[in-house]
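Engineer: Show me how the following folds:
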Amino acid sequence: MLYSKKTDYLMESIRSGRAMTRGEKLNLIVGLSIPSMLAQISTVMMFFIDASMVGHLGAEASASIGLVESTTWLIGSLLGAVATGFSVQVAHFIGANDFFKAREVFKHGLVCGLLFSLLITLAGVAIHVHLPYWLGGGEDIATLSSRYFLIYVLVLPFVYLYHTSEMMLKSAGNMHTPSVMAVLICICDVAFNYLFIYVLKMGVVGAACGTAAAYISISLPNLWLAACKNKILDLRQDETRFRWVKEYVDNACKISIPIAIQNILMSGAQIVSTMIVAPLGNIAIAAHSFAITAESLCYMPGYGIGDAATTLVGQTHGANRIDLCKNFAYMTVGLGMVVMALMGAVMYVLAPEMIGVLSPVESIRDLGTTCLRIEAFAEPFFAASIVTYSVCVGAGDTKKPAAINLGTMWLVRLTLAYGLSKSYGLEGVWIAMATELTFRGILFLVRLFRGAWMKSFQVKAERA
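Structural biologist: Numbering: from 1, shown residues only. Okay, the predicted model is just below:
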């Protein structure tokens, strides 16, 4: 509680214009990063738990989820893009001490996001039967894959409510509540998965039902904490009636559309990667999926620090404190690289145990272990790309960073993966992944230190 109050005090220092020491900046970064890391790790644990429980049902069940996993991540990333377009504006308005406009943007985010999630749900229902075949899956796993995907898309409005509430709280500088709620949704996921998979013996479908039930149970309380209990975002404070402001939606589109296009093409690249892996057999599909899930435990700290970077850059942008903004950008990127370098070392050493938790099949464990150890060397540069991208998003700079992500993914990773898979199988795919992430991280570091992401400050100054 004391640490939370200290973080609130330091966040207020940004808005009040008070000078901050280097120690205070570092304390603020850590104070925001640690809860966000826990939230990120808890979110990944949901996928880890699902994969582990299903993995013990056999390679066929594991492959059925692994086949559509990249598609579900694509959909989740699209919902995240919509929420980001509004949450960045909320951070800017809070930094400028205009809390009323911050709440107005929040309302617009709820309306637009729910409508968008309903449209995606309808589209998902329409394609769920055909999707596994489009991804290269065989008859043996297609039915289970389509059922898993269908259940997931039916709860997308709740998924959006959970994530937009989380992002709005983070924009307001509250990382602790999202962390607690992330732990709770993870606990619910374990309980519901156990019920549906083992007690009711529903297998793969039970894993989907467990995750869906967890989102439904936690999303509404999470929304209540953001929209009714947060002292800045409490929507009940405003007596004026809701009015539609086109500018908020236009600004959200400027931020969200590049992110959405990036996410579509990035996830599309993941789907193409799945299609490259699929002909290698069910063992390769399962090992690939489990290795991705296991690796995500290592790079989630990077995303946690990235969340802190987005909040700090967003609020300093709104407060028009350029030097402080640059300090936070450099410090968060440096911290992210150090933390993920350490996580990469841990992943290299513990790779057999990480995959072993997910699957008892020896051939899957051996292949997954090799993949993780290849990827371990790229983790520091992966951190550079994650956190620098988050810095850019906080500043409203999304076009060029999206182009970097897309260019390296499609021109480097997929090209190499296709060629190397012919000679080296799944190991070749992961060599391509590690090479691309290293190259991407270097490009983002160049953009960070050249200061191109700060052009929005110049535009803002010209308008003023």
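Engineer: Run through the stretch 201-350 of the chain and note the low-pLDDT ranges.
Structural biologist: Low-confidence segments of the stretch 201-350 of the chain, defined by pLDDT under 70, span residues 267.
Engineer: Mind jotting down where the helices sit in it?
Structural biologist: Taking DSSP state H, counting those that start in this stretch to define them, one finds helices in the stretch 201-350 of the chain at 203-224, 246-277, 282-318, 322-358.
Engineer: Identify the residues contacting Met53.
Structural biologist: Applying CB atoms under 8 Å, 6 or more residues apart in numbering, we find Met53 in contact with Asn193, Tyr194, Ile197, Tyr198, Ala207. Bear in mind the C-beta positions are built from the backbone N, C-alpha and C, glycine included.
Engineer: and what of Ala341?
Structural biologist: Glu379, Pro380, Ala383.
Engineer: related to what we said a few turns ago, mind putting the helices of the stretch 201-350 of the chain in a markdown table, distance to Leu443 included?
Structural biologist: Output for those, formatted as a markdown table (distance: least, CB to CB, whole Å):
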| stretch | distance to Leu443 |
| --- | --- |
| helix 203-224 | 35 |
| helix 246-277 | 14 |
| helix 282-318 | 16 |
| helix 322-358 | 13 |
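Engineer: Could you look over those and pick the most buried one?
Structural biologist: Mean neighbour count (mean count of other CB atoms under 10 Å) peaks for helix 282-318 among the helices of the stretch 201-350 of the chain, with a mean of 27.
Engineer: Give me the angle between that one and helix 322-358.
Structural biologist: 160 degrees (axes from the mean of the first three to the mean of the last three CA atoms, to 10 degrees).
Engineer: Of the contacts of Met53, select the buried ones using a PyMOL command.
Structural biologist: For the buried members of the contacts of Met53, the matching PyMOL selection, counting by 16 or more other CB atoms under 10 Å, is:
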select buried, resi 193+197+207
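Engineer: The contacts of Met53 in helices, which ones?
Structural biologist: Those of the contacts of Met53 mapping onto helices are Asn193, Ala207, per DSSP state H.
Engineer: is it possible to export the contacts of Met53 to TSV including distance to Phe449?
Structural biologist: Compiled in TSV, those are given as follows (distance: CB to CB, whole Å):
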residue	distance to Phe449
Asn193	45
Tyr194	49
Ile197	49
Tyr198	52
Ala207	44
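Engineer: Give me the buried positions along stretch 364-372.
Structural biologist: Buried-residue list, stretch 364-372, by 16+ other CB under 10 Å: Ile364, Arg365, Leu367, Gly368, Thr369, Thr370, Cys371, Leu372.
Engineer: ok, the third one - contacts?
Structural biologist: Listed by CB under 8 Å, 6+ apart, the contact partners of Leu367 are Ile283, Ala284, Ala287, Leu426, Glu427.
Engineer: pLDDT at the last one, what is it?
Structural biologist: The per-residue pLDDT reported for Glu427 equals 94.
Engineer: Now it. Nearest residue, chain neighbours left out?
Structural biologist: Using CB to CB, 6 or more residues apart in numbering and skipping the chain neighbours, the partner closest in space to Glu427 is Thr370 (5.7 Å).
Engineer: you'd agree that neighbour is up against Gly428?
Structural biologist: No - using CB atoms under 8 Å, Thr370 is not in contact with Gly428, being 11.0 Å away.
Engineer: Touching, Asn327 and Leu28? I think so.
Structural biologist: No - in this structure, Asn327 is not within contact of Leu28 by CB under 8 Å, at 10.6 Å.
Engineer: and Glu190, what element?
Structural biologist: For the record, residue 190 is Val, not Glu. Take DSSP states H and E as the rule and Val190 turns out to sit in helix 176-193.
Engineer: and that helix, what does it pack onto?
Structural biologist: Judged by 3 or more CB pairs under 8 Å, 6 or more residues apart in numbering; DSSP states H and E, helix 176-193 is in contact with helix 22-55, helix 156-171, helix 203-224.
Engineer: Recalculate using a threshold of 10 Å.
Structural biologist: If you count contacts as 3 or more CB pairs under 10 Å, 6 or more residues apart in numbering; DSSP states H and E, helix 176-193 packs onto helix 2-16, helix 22-55, helix 156-171, helix 203-224.
Engineer: relative to helix 22-55, how tilted is it?
Structural biologist: Using the same axes, to 10 degrees: helix 176-193 against helix 22-55 is 10 degrees.
Engineer: can you tell me the average pLDDT over helix 176-193?
Structural biologist: Mean pLDDT, helix 176-193: 88.
Engineer: Could you pull out the buried residues of it?
Structural biologist: 176-179, 181-186, 188-190, 192-193.
Engineer: Which two of these have the greatest separation?
Structural biologist: Maximum pairwise distance among these (CB to CB): 26.2 Å, between His176 and Asn193.
Engineer: Show me where the stretch 351-464 of the chain dips below the pLDDT cut-off.
Structural biologist: 456-464.
Engineer: can you count the residues close to Thr7?
Structural biologist: Using other CB atoms under 10 Å, Thr7 has 21 other residues around it.
Engineer: Just give the nearest non-adjacent residue to it, would you?
Structural biologist: Counting by CB to CB, 6+ apart, the residue nearest Thr7 is Gly31, at 3.8 Å.
Engineer: Over to Thr72?
Structural biologist: Tyr152 (5.3 Å).
Engineer: Give me the neighbour count for Pro360.
Structural biologist: 11.
Engineer: now stretch 290-307, how far from the centre of its chain.
Structural biologist: 9 Å (CA atoms, centre = their mean, to the nearest Å).
Engineer: Same question for stretch 386-394.
Structural biologist: 12 Å.
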